[in-house]
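Colleague: Mind looking at a prediction? Sequence and model below.
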Amino acid sequence: MSIEWKRIEPTEVMKVRWRTLVEKTFELPDGTRKSYTTINFEGMQCVATLALTPDNQVILVKQYRPGPEKIMYEIPGGYMDAGEDKQAAAERELLEETGYAAGAMKYLGKVHKDSANNSVSHYFLATDCVPAAKSAKGDADEFIEVVQVPISQLVQNAHNALMTDTEAVFLAYEQLLERQALHGSQSAHTKV
Amino acid sequence: MKPWKRIEPTTVTKVGWRVVTTKTFELPDGRIDTYDTFHAETQHFANVIALTPDNMVIVARQYRPGPEKIMDELPGGYVDTGEDPEVTVRRELLEETGYEVGQLTYLGTICKDAFFNSTHHTYFAIGCQKKERPVLDHEWEYVEPALMSIGDFLDSARTGGVSDAPAVLLAYDRLTRLNEQAAT
């Protein structure tokens, strides 16, 4: 029996303050109808960037996160504006949050973060990032701090739930290990 | 950097199967602010990257309503209240795929989103053997168990084919080591 579901009507969009939920209806393989509540609006797209300095330090935004309720070391990113190019969005968020501009941007891929989430996340690897903005959100916002860590620390953070875009580390893993090896000061593989 | 202080009130709004939890915090400068987060605060998940004795990855292929496509998913599911997540993954692997865990290792937890209350406990299992036909506990779970080579599974995770891609990172070194051993 096929395991494909068929999207049918009705669709109900609901809002809870700032959050959007979409109740979708599907026809299941046995012909029955079932509604399923998904989170975020359909078509939502996010971008985030693994940004490296010329000496392969990772630029992160240290901030308190209300879901996990702890201070985390996040890669810069945010929502794409309607009609915005994904790379332009990633470059904009990188500059706004950290004050850094990328030397080169490489698209890492697209991820569906969650099985009941309508949001799609696009990840980039930015290299040779240099300070470019006179001020960034990191300066103006007393609750966030722009920091730099070695690649080994980024990988350790990913293993210890100290960041939320772990997918980015997965997508860039081989490239990160190569850069770490070229840099020479740390071991090429993180002990797991 | 000071953490924020969680205070009252907390409002829980149920929308179908989903929950929005509105939390209140006192920020380091004394300001009070509210944030809408997804999932109940007691909601946690567990999943497993499970391998057969010949290092094939056992996936639970199923249609996912967010992405609206069939994906190569890690077996797993909700951790029942008070349940050890290790018990969850053993049960879910058997129910969804018919395979029994051989040897289980805890890899760690994933926080998927800055505004999610849920965490994902991730496990790694080797030597998993087929025991029975899958017996799914929910009538809407249409799951097709499948075996994938480590290379194909990693490719799927890299191209949006696995919704628990972060969990794959936690097993990455183990998976590539096993893949390299198989190639030699």
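Modeller: Now that the structure is in, tell me what you want to look at.
Colleague: Can you tell me, leaving aside adjacent residues, what's nearest to A:Tyr73?
Modeller: Among residues not flanking A:Tyr73 along the chain, A:Leu60 sits closest, at 4.5 Å (Cβ to Cβ, 6 or more residues apart in numbering or on different chains). For every residue, glycine as well, the C-beta is placed using N, CA and C.
Colleague: Where is the longest helix in chain A?
Modeller: helix A:166-183 (DSSP state H).
Colleague: Put the alpha carbons of whichever strand or helix holds the residue nearest to A:Tyr73 into PDB.
Modeller: Element membership of A:Leu60 [criterion: DSSP states H and E] is strand A:57-65. Extracted C-alpha coordinates of strand A:57-65, given in PDB (Å, rounded to 0.1, in the frame of the first residue of the first chain):
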ATOM      1  CA  GLN A  57      37.300  31.300  13.900                       C
ATOM      2  CA  VAL A  58      33.500  30.900  13.900                       C
ATOM      3  CA  ILE A  59      31.400  34.100  14.500                       C
ATOM      4  CA  LEU A  60      28.500  33.300  16.900                       C
ATOM      5  CA  VAL A  61      25.800  35.300  18.700                       C
ATOM      6  CA  LYS A  62      25.700  34.500  22.400                       C
ATOM      7  CA  GLN A  63      22.100  35.000  23.600                       C
ATOM      8  CA  TYR A  64      19.400  33.700  26.000                       C
ATOM      9  CA  ARG A  65      16.800  31.500  24.200                       C
END
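Colleague: That strand pairs with which strands?
Modeller: Its sheet considered, strand A:57-65 pairs with strand A:45-52 (antiparallel), strand A:70-74 (antiparallel), strand A:144-150 (antiparallel) by DSSP bridges.
Colleague: so where is chain A shaky, pLDDT-wise?
Modeller: Chain A contains residues with pLDDT under 70 at A:1, A:134-142, A:184-192.
Colleague: the helices in it, which residues?
Modeller: A:86-98, A:137-140, A:151-159, A:166-183.
Colleague: Give the buried residues for the lengthiest strand in chain A.
Modeller: Longest strand of chain A, by residue count under DSSP state E: strand A:6-16. For strand A:6-16, burial by neighbour count (16 or more other Cβ atoms under 10 Å in any protein chain shown) applies to A:Val16.
Colleague: same thing with stretch A:159-177?
Modeller: Buried positions in stretch A:159-177, judged by neighbour count with 16+ other Cβ under 10 Å: A:159, A:161-173, A:175-177.
Colleague: Grab the longest helix from chain B for me.
Modeller: Max-length helix for chain B by DSSP H is helix B:165-183.
Colleague: and that one, what does it pack onto?
Modeller: helix A:151-159, helix A:166-183, strand B:45-51, strand B:103-110, strand B:120-126, helix B:150-158 (3 or more Cβ pairs under 8 Å, 6 or more residues apart in numbering or on different chains; DSSP states H and E).
Colleague: so of those, which one's packed in deepest?
Modeller: Highest mean neighbour count among the helices and strands packed on helix B:165-183 (mean count of other Cβ atoms under 10 Å in any protein chain shown): strand B:45-51, with a mean of 27.
Colleague: Which elements pack onto whichever helix or strand comes after that one?
Modeller: Using DSSP H and E, the helix or strand that follows strand B:45-51 in sequence is strand B:56-64. If contacts are counted by 3+ Cβ pairs under 8 Å, 6+ apart, strand B:56-64 sits against strand B:45-51, strand B:69-73, helix B:85-97, strand B:144-149, helix B:150-158.
Colleague: Using CSV, write out every CA atom in the third one.
Modeller: What follows is helix B:85-97 as a C-alpha-only set of coordinates in CSV (Å, rounded to 0.1, in the frame of the first residue of the first chain):
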residue,chain,number,x,y,z
PRO,B,85,13.7,7.9,26.6
GLU,B,86,15.7,4.7,26.1
VAL,B,87,12.5,2.8,26.6
THR,B,88,10.8,5.0,24.1
VAL,B,89,13.3,4.3,21.3
ARG,B,90,13.3,0.6,21.9
ARG,B,91,9.5,0.6,21.7
GLU,B,92,9.3,2.9,18.7
LEU,B,93,12.0,1.0,16.7
LEU,B,94,10.1,-2.3,17.2
GLU,B,95,6.6,-0.8,16.6
GLU,B,96,7.6,1.3,13.5
THR,B,97,10.0,-1.1,11.8
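Colleague: And it, what's buried?
Modeller: For helix B:85-97, by 16+ other Cβ under 10 Å, it's B:Pro85, B:Glu86, B:Thr88, B:Val89, B:Arg90, B:Arg91, B:Glu92, B:Leu93, B:Leu94, B:Glu95, B:Glu96, B:Thr97.
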